[in-house]
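Asker: here is a sequence with its predicted model. Questions after.
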Amino acid sequence: MSSVIRHRLFWPLVALALLLLVNLFKKPDFFAISVINGNLHGSLIDIALNGAPLMLVALGMTLVIATGGIDLSVGSVVAISGAIACFYISGQPDQNSLSAVLIAVALALAASLVLGAWNGVLVARFGIQPIIATLILLVAGRGIAQLITSGQIITINSAPYKIISGFWLGLPVVVPIAAVMVGFTALLTRRTALGLLVESVGGNAEASRLVGIRSATLKIMAYGFSALCAGIAGLMVSSNISAADGNSAGLWIELDAILAVVIGGTSLLGGRFYLGGTVIGALIIQSLTTTILTMGVPSQGTMVFKAVVVIIVCLLPVIRKVRSTRVEATS
Amino acid sequence: MMSPAMRRRLPAVVTATLLVAMIVSGYLRYPKFDGQAIYDLFIDNGFLLVAAIGATFVILSGGIDLSVGAVAGFSTMFAAWLIVRQGWTSWLVILIVLAIGTLAGLLMGAAIHYLEIQPFIVTLAGLFLFRGLCFVIDDNSISIRDPFIAGIAEARFQLPGGTSITLSAFIAIAVLAVAAYVLHYMRFGRQVYALGGSEQSALLMGVPVARTKLAVYAVSGFCSAFAGVLYIFYIQSGDPSIGVGLELDAIAAVVIGGTLLTGGTGTVLGTLLGVLVFGMVKTILNFEGTLSSWWVRIFVGSLLLAFILLQRLMVARKTPAPA
C-alpha cells in the first residue's frame, strides 16, 4: 500500500480523479460519450481535444527543463507557426490544394525548428541564462507573428488544413498526433541512452561535458524539440479556428506547460524527468479549466484555481520533507 | 585596458549613448519633437519606471519576480472596487492597496526563503493568483470618478518653454531618488548587492540573508502596487487586464539598463536609462506613424538581445573560459 502511495504519479493521479469526480457531481452525464455523425462527443473528448496542444508544448518543455533550462518562448512559437501556415495558405489560388497545405505545414515546422535552434544556441553556445535567452523570443516573437499577419487575423478556408483539428475514425485527430509524439519521445529517451544523457546534462552540464557528453548539442536539440512541439501545437490551434491570430494564439501557454511539467514531478532544477507525469499534469490543467467552466465560474477565474494548484504542488514536497526530518529526529 | 569599475558601467554607458542618439535623431527628424516629448517619456512610462525599480531590487539580489504586472493590475481593480462599489475614502484605499502589495511580496519572499521554492514558481503562482482575482472582482474595467484621484491625475506643473509635467511623473522620479539612496547609501542596499553576489558568502559575512531576501520581494511588491496606483492616476479607472506583461517590460528595461541578471551588479539609474530607451522606442514609432505597434516588441526584443550579448562579452572577458 505504502509503495502505491509513494509512487510519484500517485498524487497527480488522485488530483486528476478528484477533478473528474467533482465534475460528475455537478454534471451527472459528464462521463457520457455519444456518437454524433460518426464522431465521438462528450466532456472527456473535449478535454482530450483542447488539452492536446498543451500536452505537446509540455512534452517539449519537459526535455528542456530536464537539461536544466526553461523555454518561455513556446507561446510565441505557437503564434508564429500558425501565422506562417495560414499566411502561406491564404496566398494560394486554391486553398483546398493538399500540396499547398503540406508545404504550409512544412514551412511552419521548419521555422519553429529554426527558432528553437536559435534559443538553444543562445543558451548552449553563448551561455545566456535560459529564462533570459528565451525571454527575447517571447518579447519579439509575438511581434514577428503580428508582422507576418500584418496585425490582422488571417482567416482561411482550407479543407485539408482543417483535417488537423477534425475527426478520424471518430476520434479527434489531435489525440493520435499527441499520442504519437509522446510515444515517440518516450521510446527515444527511454529505449536509447538519449534520456539518460539529457538527465546527465541537467544534473551537471560541465561534468557531463568532461565525461564526453556533448552537452551543448543536446541542449540545442532539446530547445529545437520544444519549439517543434510548440509549432505542431500552433498548427492545431490555428486549424481549430481556421485562422491565425498573432496576438492571442498560445498566449500564456508557456506558464501552463511549465505548471504541467512541475505537477508531473519533474524538478525545475533539471535532471530527472517524467514524461508520464507531464501527460497527467497537462490533463489535470485541462480538466481544471473544463471543471471551472462546468461550475459556471467565468473562464478568467481559472487563474485563481491554478494559483492554488501551484501552491499545493509546491507545498507537498516541503511537507513531506518536514515530516521525514521529524521521523529522523524521533528515531 | 579598462578598469573593472569601468567595465561594469559599460552597458549603462552604451544605453546612455543610445538614449542620447535617439533623442538627438528624434529632435532632428521630427519638427514636433520638443522638450515636451522628453517630459512625456516620464509621464507615459512612470508606472513602468516604478515597476522596473522594484524589479531592479529583486534582480540585484539574484531573484526574479513574475508577479509585477498581476499585482499592479490587481491594485487598480481592488482600489476601483473599494472606491466605486464600496464608497471608501480614496487616499485610504491607496494606502491599503500599497500595504497589500507589500504583504504579497513579503509572503512570496518568505515562501522563496523558508520553503526553498524557486522564485520563478512562487512568483508565477502570484501572477496567476492576482490576475485571477482581478477577473473575480469584475470582467470589465471600473471607471473611478473621485475628486482626490482626479485632482492628482490632472495636476500639472508648468515648466519653462510652455512645457508641463504631471504630478505622477514627479512621484515616479521621487521613488527613483529614494530607491537610489536606499541601494547606494543605506546598509540594506549593500546587503542586497552582497546577497546577489553570493548568498553563501553573504551568509558567512553575517548579512541577515533571510531578512534581506524577504525585504527585497516586499520592495518589489510595494513597487508593483505603486505602479498600479500610478496607472489609476493615468487612466482614472481599474482594469482587469492592465499590466499584462508589465513584468517582462520591467525585466527588459532592467537588463537594457545594465543590471546583470545573475545578480550583484547594476544600478537603479541604469534602470531609469533602460525605461527611457524603452519609452523612446515607443515615441519614435509613434512619430514615425507608418510603423505599426508590433515593431515595438521586435525592437525591444532586439535591444534585449544586443545588451545580453554585450553583458556576456564582459563576463567572458572578466573570467577567461578554460580552453
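Answerer: Looks like it came in fine.
Asker: which residue does the stretch 201-323 of chain B bring closest to chain A?
Answerer: Scanning the stretch 201-323 of chain B for the residue nearest chain A gives B:Gly301, at 2.4 Å (criterion: C-beta to the nearest C-beta). Glycine gets a C-beta too; all of them are placed from N, C-alpha and C.
Asker: buried set for whichever strand or helix holds that residue?
Answerer: Here B:Gly301 sits within helix B:294-318, counting by DSSP states H and E. Using 16 or more other C-beta atoms under 10 Å in any protein chain shown as the test for burial, helix B:294-318 gives B:294-301, B:303-305, B:307-308, B:310-311, B:314.
Asker: wait, which of these is closest to A:Val309?
Answerer: Closest approach between the buried residues of helix B:294-318 and A:Val309, by C-beta to C-beta: B:Arg297, at 30.1 Å.
Asker: which parts of the stretch 1-150 of chain A sit against chain B?
Answerer: Residues of the stretch 1-150 of chain A that fall close to chain B, judged by C-beta under 8 Å from any C-beta of the partner chain: A:70, A:126-129, A:131-133, A:135-144, A:146-147, A:150.
Asker: and the helix holding B:Gly301, how far out from the chain's middle?
Answerer: Its chain's average C-alpha position is 18 Å from that of helix B:294-318, according to C-alpha atoms, centre = their mean, to the nearest Å.
Asker: over to stretch B:243-254?
Answerer: Between the centre of stretch B:243-254 and the centre of its chain there are 7 Å (C-alpha atoms, centre = their mean).
Asker: give me the helices and strands touching the helix or strand containing B:Ala16, please.
Answerer: In this structure, B:Ala16 sits in helix B:4-29 according to DSSP H and E. Secondary-structure packing of helix B:4-29 (3 or more C-beta pairs under 8 Å, 6 or more residues apart in numbering or on different chains; DSSP states H and E): helix B:268-288, helix B:294-318.
Asker: quick check: mean pLDDT across whichever helix or strand comes after that helix?
Answerer: Once the chain leaves helix B:4-29, the next helix or strand it forms, by DSSP H and E, is helix B:35-60. Summarised as a single mean, pLDDT over helix B:35-60 is 92.
Asker: show me what helix B:35-60 is packed up against.
Answerer: Using 3+ C-beta pairs under 8 Å, 6+ apart as the test, helix B:35-60 ends up in contact with helix B:68-80, strand B:163-166, helix B:167-185, helix B:187-197, helix B:209-235, helix B:246-256, helix B:268-288.
Asker: let's see 6 Å
Answerer: strand B:163-166, helix B:167-185, helix B:209-235, helix B:246-256, helix B:268-288 (3 or more C-beta pairs under 6 Å, 6 or more residues apart in numbering or on different chains; DSSP states H and E).
Asker: could you dump these into TSV and include mean pLDDT?
Answerer: Putting the helices and strands packed on helix B:35-60 into TSV (pLDDT from 0 to 100) gives the following:
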stretch	mean pLDDT
strand B:163-166	86
helix B:167-185	94
helix B:209-235	95
helix B:246-256	89
helix B:268-288	90
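Asker: among the ones you listed, which is nearest B:Ile59?
Answerer: helix B:246-256 (5.4 Å).
Asker: go ahead and produce PDB holding the CA coordinates of the closest one.
Answerer: In PDB, the C-alpha atoms belonging to helix B:246-256 read as follows (Å, rounded to 0.1, in the frame of the first residue of the first chain):
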ATOM      1  CA  LEU B 246       4.500  44.500 -17.300                       C
ATOM      2  CA  GLU B 247       6.900  42.200 -15.600                       C
ATOM      3  CA  LEU B 248       8.600  41.400 -18.900                       C
ATOM      4  CA  ASP B 249       8.900  45.100 -19.900                       C
ATOM      5  CA  ALA B 250      10.300  45.800 -16.500                       C
ATOM      6  CA  ILE B 251      12.900  42.900 -16.700                       C
ATOM      7  CA  ALA B 252      13.800  44.100 -20.300                       C
ATOM      8  CA  ALA B 253      14.300  47.700 -19.000                       C
ATOM      9  CA  VAL B 254      16.400  46.500 -16.100                       C
ATOM     10  CA  VAL B 255      18.700  44.400 -18.500                       C
ATOM     11  CA  ILE B 256      19.000  47.200 -21.000                       C
END
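Asker: next up, the contacts around the closest residue in space to B:Ala16 that isn't next to it in sequence.
Answerer: Leaving out its chain neighbours, the residue that sits closest to B:Ala16 by C-beta to C-beta, 6 or more residues apart in numbering or on different chains is B:Leu273, at 5.5 Å. Residues in contact with B:Leu273 (C-beta atoms under 6 Å, 6 or more residues apart in numbering or on different chains) are B:15-16, B:19, B:257.
Asker: at 8 Å instead, please
Answerer: B:12, B:15-16, B:19, B:256-258 (C-beta atoms under 8 Å, 6 or more residues apart in numbering or on different chains).
Asker: farthest pair in these?
Answerer: Across these, the longest distance by C-beta to C-beta is 12.0 Å; it joins B:Leu19 and B:Gly258.
Asker: looking at these two, which is more packed in?
Answerer: B:Gly258 (27 against 19; other C-beta atoms under 10 Å in any protein chain shown).
Asker: model confidence score at the residue of the stretch 201-323 of chain B closest to chain A, please.
Answerer: The per-residue pLDDT of B:Gly301 was computed as 87.
Asker: find the nearest non-adjacent residue to A:Ile292, please.
Answerer: A:Thr302 (4.8 Å).
Asker: the one you found: how many residues sit nearby?
Answerer: Residues near A:Thr302, counting by other C-beta under 10 Å, number 21.
Asker: and A:Val261, what does it touch?
Answerer: So A:Val261 contacts A:58, A:61-62, A:65, A:277-278, A:281 (C-beta under 8 Å, 6+ apart).
Asker: for residue 265, phi and psi?
Answerer: Picking chain A for this. phi 100, psi 0 (degrees, to the nearest 10).
Asker: looking at chain B here, not the other one
Answerer: phi -130, psi 130.
Asker: give me phi/psi at A:Thr155?
Answerer: According to degrees, to the nearest 10, A:Thr155 has phi -100, psi 140.
Asker: likewise for A:Val57?
Answerer: Given degrees, to the nearest 10, the pair of backbone angles that A:Val57 has is phi -60, psi -40.
Asker: relative to chain B, how far out is it?
Answerer: 16 Å (C-beta to the nearest C-beta, to the nearest Å).
Asker: name the element the closest residue to that residue other than its chain neighbours belongs to?
Answerer: Using C-beta to C-beta, 6+ apart and skipping residues adjacent in sequence, the residue nearest A:Val57 is A:Ala257, 4.3 Å away. Taking DSSP H and E as the definition, A:Ala257 sits inside helix A:253-263.
Asker: could you point out which element follows that helix?
Answerer: Counting by DSSP H and E, what follows helix A:253-263 is helix A:275-294.
Asker: and that following helix with helix A:253-263, angle?
Answerer: 120 degrees (axes from the mean of the first three to the mean of the last three C-alpha atoms, to 10 degrees).
Asker: pick the most deeply packed of the helices and strands packed on helix B:35-60.
Answerer: Highest mean neighbour count among these (mean count of other C-beta atoms under 10 Å in any protein chain shown): helix B:246-256, with a mean of 28.
Asker: quick one: that helix to helix B:35-60, angle?
Answerer: Going by the same axes, to 10 degrees, helix B:246-256 makes 90 degrees with helix B:35-60.
Asker: what about helix B:246-256 and chain A, any contact?
Answerer: Yes: shown here: helix B:246-256 in contact with chain A (C-beta under 8 Å from any C-beta) through B:248, B:251-252, B:255.
Asker: could you list every helix and strand in contact with that helix?
Answerer: helix A:130-148, helix B:35-60, helix B:68-80, helix B:268-288, helix B:294-318.
Asker: follow-up on the earlier one: out of the helices and strands packed on helix B:35-60, nearest to B:Gly73?
Answerer: Evaluated over the helices and strands packed on helix B:35-60, closeness to B:Gly73 peaks at helix B:209-235, with 6.8 Å, by C-beta to C-beta.
Asker: any residue of the closest one touching chain A?
Answerer: No: Helix B:209-235 lies out of reach of chain A by C-beta under 8 Å from any C-beta, never closer than 15.3 Å.
Asker: same for that helix, what does it pack against?
Answerer: When contacts are defined as 3+ C-beta pairs under 8 Å, 6+ apart, helix B:209-235 sits against helix B:35-60, helix B:68-80, helix B:90-114, helix B:147-154, helix B:167-185, helix B:187-197, helix B:199-205.
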